[in-house]
Every structure is written in structure tokens, then in C-alpha cells.
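**Student:** show me how the following folds:
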Amino acid sequence: MAPVLFFVLAATCVGSVLGMILSRDRTHGALFLVLAFAALGGIFGLLDAPFVAAVQVLVYAGAIMVLFLFVIMTIDPVEGRRPERMRGLGVPAILLSVVLLGEILLALGGIAVAVVVVPGFDGTTATAGLGTLLLGEYLYAFELASILIVAALTGAVALAGRKDGR
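**Tutor:** As a prediction, the model looks like this:
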């Protein structure tokens, strides 16, 4: 049964990616991408990688697609024009892109092969060890990161949802 399920999930993934590429509507393209992420999560589940499958579905099909849909909502559907509140941001966006590219190049220039050692993690069961660390020693940092993500999402929805042109 597993090979049949693999081929169904693989065909779904490839078909949804083709649908995303060939779709003229941005929203339909994003929904095809969600289907591709979900099918890929199912393939990871078949490979006995439940943590990677859950992360694939939660992070990519959930969080990343929220960001994609936010971008789709901020673009004017008529001829791809930006709304009035987005005009004039081209130069700052280019400057920030150049700064980010410079930071990436500086970081890549100084990277050496490094082994990250996390204290308290024995490496025997990755999912259990990671869960113990995130919900134990690093609980406050984990919760602060989730609060920041919720705040950013709330701000994105508030910015995209205004109808009065501000």
C-alpha cells in the first residue's frame, strides 16, 4: 500500500506544482503551492520522518503561505499595480536588499565548518530531545518568538485589511 500512496502523493505534488506554474490567478497559484507542501509532508511521513512531515505542513503550508497570501493581498489585482500606501517604497526596498546582500556575503565569507553543540541534548531521539529543550530550558525564548510572530501576523492583517487608502 505504501508504494501506491507514494505515487499518489508524488503525482499530487507534481500536478499541483504544474498547476501553480500554469495558473494565471495568484491566489490559485498559492493554493496549489499549499497542496504541494501538504503532499510533500505526506511523502516525508511515508519516509518515517514524522517530525519533518509535521514541520513541512505547519511551517511551510501554514506560516510561509500566510506570508505569501499577505503579499498577494497587498498587490493591487488590477494590472499588478501597488496600492497608494505602497508607492514610494521602491528605493528603500532596493537599499535594504543591497544591505541584506552585503550581510549575507560577509557572513558567507567568515563561515567555517562548525559543529553546533546544544547543552542538554543527547541526540538519541531528535524529536523528544528537541521538545524537551523547547518546552523546558528554552521555554521563555520559544514563547517570546511565538508572541513576536503573532504580533507580526496581526500587523500584516491590519495593514492589508484597510479599505480607506491609508
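**Student:** CA atoms for contacts and neighbours, from now on please.
**Tutor:** Fine.
**Student:** kindly list the longest helix within this structure.
**Tutor:** Of all the segments of type helix in the chain, defined by DSSP state H, the longest one is helix 139-161.
**Student:** give me the contact list for that one.
**Tutor:** 70, 73, 74, 133, 134, 135 (CA atoms under 8 Å, 6 or more residues apart in numbering).
**Student:** can you list phi and psi of the last one for me?
**Tutor:** Its backbone dihedrals place residue 135 at phi -100, psi 10, with angles given as degrees, to the nearest 10.
**Student:** what's the burial count for it?
**Tutor:** 13 (other CA atoms under 10 Å).
**Student:** so who does it touch?
**Tutor:** Residue 135 makes contact with residue 142 under the criterion CA under 8 Å, 6+ apart.
**Student:** which stretches in the chain count as helices?
**Tutor:** Taking DSSP H as the test, the helices found in the chain are 2-22, 26-46, 50-55, 65-74, 90-109, 126-134, 139-161.
**Student:** show me what counts as buried in the third one.
**Tutor:** If I follow you right, that is helix 50-55. By 16 or more other CA atoms under 10 Å, the buried positions in helix 50-55 come out as 50, 52, 53, 54.
**Student:** how about the residues you listed in CSV, adding pLDDT?
**Tutor:** Below are those laid out as CSV (pLDDT from 0 to 100):
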residue, pLDDT
50, 81
52, 82
53, 84
54, 84
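**Student:** and which of those residues is nearest residue 40?
**Tutor:** Closest approach to residue 40 among those (CA to CA): residue 53, at 7.7 Å.
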